[in-house]
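> Generate coordinates for the sequence data below:
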Amino acid sequence: MSANKGWWVPTEDEDSVSKRFLRKTRESPLVPIGLGGCLVVAAYRIYRLKARGSTKMSIHLIHTRLAAQTCAVGAIMLGAVYTMYRDYIKRTAQDAGEK
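Next up is the predicted model:
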């Protein structure tokens, strides 16, 4: 019973994870920034866990999650607005200049 040890290797026409990540980053640069911000906010809030004072643990964790999600969703929304601007407003202005 021999196993094919190379079954998990992607074929040459498929992108590797790093190539796919770089391509997606070029298409939408604010998403990795948002995810990084999310991680930074979560790490900071967890670091500040000891100095939460009289705040209940559950409330502190809810605020941590809310701050991290706000950072990530805000970056995604900014990316969507930029993409809409680039695709519609900027392209419409260039089309009007050509005519």
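
> any idea how far the lowest-mean-pLDDT helix or strand in the chain is from the chain center?
The helix or strand of the chain with the lowest confidence, counting by mean pLDDT, DSSP states H and E, is helix 91-98 at a mean of 72. On the basis of CA atoms, centre = their mean, to the nearest Å, helix 91-98 sits 31 Å off its chain's mean C-alpha point.

> Please name every helix or strand in contact with it.
With contacts taken as 3 or more CB pairs under 8 Å, 6 or more residues apart in numbering; DSSP states H and E, helix 91-98 sits against no other helix or strand. In short, each C-beta sits where N, CA and C put it, glycine included.

> surely V31 meets T25?
Yes. Applying CB atoms under 8 Å, one finds V31 in contact with T25, separated by 7.5 Å.

> Considering this structure, which helix comprises the largest number of residues?
Using DSSP state H, we find that the single longest helix of the chain is helix 57-84.

> So for that helix, what gets flagged as buried?
60, 64, 68, 71-72, 75-76, 79 (16 or more other CB atoms under 10 Å).
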